[in-house]
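1. okay, sequence plus prediction incoming.
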Amino acid sequence: SAVISQKPSRDICQRGTSLTIQCQVDSQVTMMFWYRQQPGQSLTLIATANQGSEATYESGFVIDKFPISRPNLTFSTLTVSNMSPEDSSIYLCSATYGTQYFGPGTRLLVL
Amino acid sequence: AQRVTQPEKLLSVFKGAPVELKCNYSYSGSPELFWYVQYSRQRLQLLLRHISRESIKGFTADLNKGETSFHLKKPFAQEEDSAMYYCALKGGGKLIFGQGTELSVKP
């Protein structure tokens, strides 16, 4: 199995600022994913991050708004840029290690 | 297009009653389907996957390709089964989730 941790666990931010969320996996994994879960909604895939290549974004998500880094096989970051209240959400990191595991999530509130 | 539909947002049953959480999917290839569960204040975790045909915590799910369904069933619900349940489809290496069903098991 894989254990995934995220930092921060929660944050309150002002509109117009940016927040970088860190994701650490305790095993080397090829594929990592970032999801968003808006209040009362299901999980929506933002992007797939493979080490050594550019992240692949899903329809409706762009690199300028959600830049992603994947410097090695155990770590990734997601930045939420130029935030607005509509970005208030839970952001989840996920990784495939046989099966797909999820981090605890980062709860973001934008004022 | 890949799509997962869970028609019930909330399902409320009494302890000991049978439970069926519905899931329908749309996928052009051979699907790989999963049920994930999220208990209160816990992270999302895998409950079961169709390829292993296992029973976890008394839950089972059978893939019906004709009806494009993967319903989750348990013959006798327990209070500790109360949680959010998500059906998910893996296609093109990505996991696509349904809207989720909140299961509430009352004493």
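-> Noted; the coordinates are in hand. Numbers count the residues shown, from 1 in each chain, chains lettered A, B, ... in the order given.
2. residues in contact with residue B:20?
-> For residue B:20, the residues meeting the contact criterion (CB atoms under 8 Å, 6 or more residues apart in numbering or on different chains) are B:71, B:72, B:73. Using the backbone N, CA and C atoms, a C-beta is placed for each residue, glycine as well.
3. so the first one versus residue A:48, what's the distance?
-> Which is residue B:71. According to CB to CB, to the nearest Å, residue B:71 stands 29 Å off from residue A:48.
4. what values do phi and psi take at the spatially most central residue of chain A?
-> Nearest to the mean C-alpha position of chain A, by CA atoms, centre = their mean, lies residue A:34 at 3.7 Å. Listed backbone geometry of residue A:34 is phi -120, psi 130, with angles given as degrees, to the nearest 10.
5. could you check how far it is from residue B:25?
-> Shown here: residue A:34 relative to residue B:25, a distance of 23 Å by CB to CB.
6. give me the pLDDT value at residue 49.
-> Just going to use chain A. Residue A:49 is assigned a pLDDT of 93 by the prediction.
7. to clarify, I was referring to chain B.
-> Turning to residue B:49, the model gives it a pLDDT of 90.
8. now do the SS call for the residue lying closest to it once chain neighbours are set aside.
-> Computed as CB to CB, 6 or more residues apart in numbering or on different chains, the closest residue to residue B:49 that is not its neighbour in sequence is residue B:34, at 4.8 Å. Following DSSP: H, G, I helix; E, B strand; the rest coil, we place residue B:34 in the strand state.
9. contacts for the strand ranked longest in chain B?
-> The strand spanning the most residues in chain B, taking DSSP state E as the definition, is strand B:83-91. Strand B:83-91 is contacted from outside by A:42-43, A:100, B:2, B:4, B:6, B:21, B:23, B:25, B:27, B:29, B:31-40, B:44, B:47, B:70, B:72, B:95-98, B:100-103, using CB under 8 Å, 6+ apart.
10. which of the residues in that strand are buried?
-> B:83, B:85, B:86, B:87, B:88, B:89, B:90, B:91 (16 or more other CB atoms under 10 Å in any protein chain shown).
11. export those to TSV and tack on pLDDT and distance to residue A:57?
-> Output for these, formatted as TSV (pLDDT from 0 to 100; distance: CB to CB, whole Å):
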residue	pLDDT	distance to residue A:57
B:83	97	31
B:85	97	28
B:86	97	22
B:87	97	24
B:88	96	20
B:89	94	20
B:90	91	19
B:91	84	17
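12. tell me the two of those residues that are most distant?
-> Looking at the buried residues of strand B:83-91 by CB to CB, the two members farthest from one another are B:83 and B:91, with 25.0 Å of separation.
13. tell me the residues of chain A that contact chain B?
-> Proximity of chain A to chain B, by CB under 8 Å from any CB of the partner chain, involves residues A:31, A:33, A:41-45, A:48, A:92, A:94, A:99-105.
14. just the buried ones from those?
-> A residue is treated as buried here by neighbour count (16+ other CB under 10 Å); on that basis the buried members of the residues of chain A next to chain B are A:31, A:33, A:42-45, A:48, A:92, A:94, A:100-105.
15. tell me which of these fall in strands.
-> Taking DSSP E as the definition of strands, those contribute A:31, A:33, A:43, A:44, A:45, A:48, A:92, A:94, A:100, A:101, A:102.
16. surely residue B:3 touches residue B:31?
-> No: applying CB atoms under 8 Å as the test, residue B:3 and residue B:31 come out as separate, 11.0 Å apart.
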